[in-house]
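> following is a predicted model, sequence given first.
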Amino acid sequence: MSKSLNARAFREALGGFATGVTIITTRDEAGDPIGVTASSFNSVSLDPPLVLWSLAKDSRSLPAFRAKGEFAVHVLANGQEHLADTFARSGEDKFKGQEWHESATGVPLFELFVARFECRTAHEYDGGDHVILVGEVTEFEAQDLPPLIYQGGAYGQYRRLETKAEDLGEPPLTGPNS
């Protein structure tokens, strides 16, 4: 970190950005299921369908994600805080007692999610103290559930506002580049 930036204050400022919560899963070289909680998930492209997420370079899970080359992103639903907390820890059998099955490529897939994206690693980039993994989506599924939100170090719930941009005299958004 630059000497001019306070690392703790920077992290707290980043925490002001509300985000969804995901669990990313794969298998390690021994074939054991592994997974991590990540809030760094984002869409990249519709054509081809690409998503990205990042993982700390010192994560014990990074070698497995690199070796397997396939992973699944599970966008968590409201009420799945315990699952997010479980997969945020290291050193335990995180899958014990969870409802999941294998994809055709052997990647662990959870049964309950807002959205699930099965991916093959398309690109990997250096991102400072993290590695940015870009996945090409090969399969996806969505369920009509409210998402789990994380902001300021705490979980929260999404609530749709009744007021629309047009009601405030603002033009409606038609996309991220509008």
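On my side now, so go ahead. Residues are numbered from 1 along each chain as shown.
> any idea which residue sits dead centre in this protein?
residue 22 (3.4 Å; C-alpha atoms, centre = their mean).
> does residue 87 touch residue 22 like I think?
No. At 9.4 Å, residue 87 does not count as touching residue 22 under the criterion of C-beta atoms under 8 Å. All C-beta atoms are positioned from the backbone trio N, CA, C, and that covers glycine.
> find residues that contact each of those two.
Listed contacts common to residue 87 and residue 22 are residue 37; contacts here mean C-beta atoms under 8 Å, 6 or more residues apart in numbering.
> what about the closest residue to residue 39 other than its chain neighbours, neighbour count?
Leaving aside its chain neighbours, residue 39 sits nearest to residue 19 (4.6 Å; criterion: C-beta to C-beta, 6 or more residues apart in numbering). Neighbour count of residue 19, defined by other C-beta atoms under 10 Å: 17.
> need the contact list for residue 19.
Here residue 19 is in contact with 39, 41, 149, 150, 151 (criterion: C-beta under 8 Å, 6+ apart).
> now the buried members of these.
39, 41, 149, 150 (16 or more other C-beta atoms under 10 Å).
> any idea how far the third one is from residue 11?
The reference is to residue 149. Distance, residue 149 to residue 11, using C-beta to C-beta, to the nearest Å: 18 Å.
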